[in-house]
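Please work out how this folds:
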Amino acid sequence: MKAVTLQATWAPRSISAEAAGPNRLAPMACEAWRDPKLVMSDVPDTDPGPHDVVIDVSVCGICGSDTHCIETDTNGYVIFSGPAAFPCTLGHEFAGTVIAHGAAVTRVVVGELVTSEGMMYCGDCVACTRGHVNQCLRLRMVGFSHPGAFAERTVVHEKHCWSIDGLASFFGNANKACHIASLVEPVGCAQNGMFVVGPGVDKNAHVVVFGCGPIGLGAIALARAAGAASITAFDLTDGRVKLATLMGADHAYNCTQMQAADVASVIADATNGWGGDVIVEAAGAAHNTMPIIEEALAPGATVVYLGRTGERVPIMLDVLVSKAARIVGARGHAGYGIFPHIIDMLQTGVLDLAPMITHTAPLDDFAAAFERSRTREDGKILLVGR
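Numbers count the residues shown, from 1 in each chain. Below is the predicted model of the structure:
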């Protein structure tokens, strides 16, 4: 079958081969993999295990992490700072039709429309049994260390699959349901950060979002659905600033030409001098955003860090003490009822993610679509398999 595979050179600069293991799973891809290249490959189909599901992929979104896998630093190392083992078929935001499954599968049936979590937790390690499935000690990530969905078909364990037949009924269109369902994964990351790890959003909360890519846009949509008192968003491109408004932001700014003090002043004005109660860092640019966030914290605020960077960032911890504030990190979207919750919001009309989709292209046109993703003007770019 056809699959878009990322190839790269193994050249660890801060980890040992022993730490990566025989499969060369680097804890931080940016410290081990360099000279990336995306190619369309002819790869063999994977036979499903007893609990596996074979999905005919209808659509798969290009994630910012995917883009970071083809972008490099000055030494040629990929920018992506999450765990990865290459070569690997990319793609983890997808939906499609079940076409086969293992003999022990009970949760899905052939012909069912599904979307899938991309965090393949084991369910048995200490982290999983304590409820921290996104921190699974044996975690494999679809598209980074497990074959992904920029392919004609993909295989995942049934426990990660969620039906979207109800969403197809809501829209009256299976293809549209698959397009929208491919957004559950990035929006699920925002849900996990804001409402599972973070404090949630109540009607008195002033929400600030840095970075209006799909996760940031998802954070805006979720905050709007929760009835936030105000939502203020910042990005570096006009396209995403416009999308932030469409997704529910009260105020959205291109901060390219703004000084840090100006951004902090805008937040103060938008919140009547109070500051941000929930501040979402979805930009992965903490060197630039944290000095502003320090100035913009409301008393008791929570900073939800969802962006990824391989760099250390200095922060003034005394600000957290003075404001009784906290910083929480969140990875992933699995468990905690996140997927079924977002699917339910979508199929009852509580959440509208359609404006986030700004470009679609056939799988064969992957190279141009990935190049387009590097402009950061789009919300979500989808590669369509059929």
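
residue contacts, Gly379?
Residues in contact with Gly379 (Cβ atoms under 8 Å, 6 or more residues apart in numbering) are 213-214, 217, 239-240, 243, 355-358. Placement of C-beta: from N, CA and C, glycine included.

Kindly give the local confidence score, pLDDT, for it.
On the pLDDT scale, Gly379 is placed at 95.

wait, doesn't Leu217 sit right on Ala244?
Yes. Checked against Cβ atoms under 8 Å, the pair Leu217 and Ala244 is within contact range at 6.6 Å.

Comparing the two, which residue is more hemmed in?
Ranked by neighbour count (other Cβ atoms under 10 Å), Leu217 and Ala244 place Leu217 first, with 31 against 28.

Render the CA-only coordinates of the host helix or strand of the more buried one in PDB, please.
Assigned by DSSP states H and E, Leu217 falls within helix 214-225. The C-alpha trace of helix 214-225 is given here as PDB (Å, rounded to 0.1, in the frame of the first residue of the first chain):
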ATOM      1  CA  PRO A 214      -5.000  23.600  15.600                       C
ATOM      2  CA  ILE A 215      -4.400  23.000  19.300                       C
ATOM      3  CA  GLY A 216      -4.700  26.700  20.200                       C
ATOM      4  CA  LEU A 217      -7.800  27.000  18.000                       C
ATOM      5  CA  GLY A 218      -9.200  23.900  19.800                       C
ATOM      6  CA  ALA A 219      -8.500  25.600  23.100                       C
ATOM      7  CA  ILE A 220     -10.400  28.700  21.900                       C
ATOM      8  CA  ALA A 221     -13.400  26.600  20.800                       C
ATOM      9  CA  LEU A 222     -13.500  24.700  24.100                       C
ATOM     10  CA  ALA A 223     -13.200  27.900  26.200                       C
ATOM     11  CA  ARG A 224     -16.000  29.400  24.100                       C
ATOM     12  CA  ALA A 225     -18.200  26.300  24.600                       C
END
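
Give me the buried positions along that helix.
For helix 214-225, burial by neighbour count (16 or more other Cβ atoms under 10 Å) applies to 214-224.

Redo those residues as CSV? Include pLDDT and distance to Gly64.
Listed next are the buried residues of helix 214-225 as CSV, based on pLDDT from 0 to 100; distance: Cβ to Cβ, whole Å:
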residue, pLDDT, distance to Gly64
Pro214, 94, 7
Ile215, 96, 7
Gly216, 97, 10
Leu217, 97, 11
Gly218, 97, 12
Ala219, 98, 14
Ile220, 98, 16
Ala221, 98, 17
Leu222, 98, 18
Ala223, 98, 20
Arg224, 97, 21
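
which among these gets closest to Val303?
Distances from Val303 to the buried residues of helix 214-225, taken as Cβ to Cβ, are shortest for Ala219 (12.4 Å).

Can you tell me the closest non-neighbouring residue to the closest one?
Distances taken as Cβ to Cβ, 6 or more residues apart in numbering place Ala190 nearest to Ala219, at 4.1 Å, with adjacent residues excluded.

From Val303, how far off is that neighbour?
Ala190 sits 14 Å away from Val303, going by Cβ to Cβ, to the nearest Å.

again, but for Phe366
Separation of Phe366 from Val303 (Cβ to Cβ): 35 Å.

Give the residue from those two that has the larger number of neighbours.
For Phe366 versus Val303, neighbours defined as other Cβ under 10 Å are more numerous around Val303 (26 against 21).

Double-check that the more buried one belongs to a strand.
Yes. Going by DSSP: H, G, I helix; E, B strand; the rest coil, the assignment for Val303 places it inside a strand.

Burial check on the residue nearest to it when sequence neighbours are not counted, number of neighbours?
Once flanking residues are discounted, Val303 sits nearest to Ile327: 4.4 Å by Cβ to Cβ, 6+ apart. Counted with other Cβ under 10 Å, the neighbours of Ile327 add up to 18.

The residue nearest the centre of the chain and Thr360, how far apart?
Centroid check for the chain by Cα atoms, centre = their mean gives Pro186 as the closest residue, at 3.6 Å. Note on Pro186: its distance to Thr360, by Cβ to Cβ, is 16 Å.

what do you get for Asp56?
For Asp56 relative to Thr360 (Cβ to Cβ), the value is 18 Å.

Also Leu90?
Computed as Cβ to Cβ, the Leu90 to Thr360 distance reads 17 Å.

What of Gly213?
Distance from Gly213 to Thr360, by Cβ to Cβ: 17 Å.

If you count surrounding residues, which of these two has more?
Using other Cβ under 10 Å, the more surrounded residue of Gly213 and Thr360 is Gly213, with 26 against 15.

From what I see, that one and Glu377 are in contact.
No. Here Gly213 does not reach Glu377: they are 10.5 Å apart, not a contact under Cβ under 8 Å.

Find residues that contact each of these two.
Counting by Cβ under 8 Å, 6+ apart, the residues touching both Gly213 and Glu377 are Arg240.

re the thing from before, tell me which other helices or strands the helix or strand hosting the residue nearest to Ala219 touches.
For Ala190, the element it lies in under DSSP H and E is helix 184-191. Here helix 184-191 touches strand 93-101, helix 214-225, helix 338-347, going by 3 or more Cβ pairs under 8 Å, 6 or more residues apart in numbering; DSSP states H and E.

run the last query once more with 6 Å
Other elements packing on helix 184-191 under the criterion 3 or more Cβ pairs under 6 Å, 6 or more residues apart in numbering; DSSP states H and E are helix 214-225, helix 338-347.

will you turn those into a markdown table that also has distance to Gly284?
Supplementary listing: the helices and strands packed on helix 184-191 in a markdown table, determined by distance: least, Cβ to Cβ, whole Å:
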| stretch | distance to Gly284 |
| --- | --- |
| helix 214-225 | 10 |
| helix 338-347 | 21 |
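
and the nearest residue to Arg331 once chain neighbours are set aside, how far is that from Met119?
Sequence neighbours aside, Asn134 is the residue nearest to Arg331 in space, at 5.2 Å (criterion: Cβ to Cβ, 6+ apart). Computed as Cβ to Cβ, the Asn134 to Met119 distance reads 5 Å.
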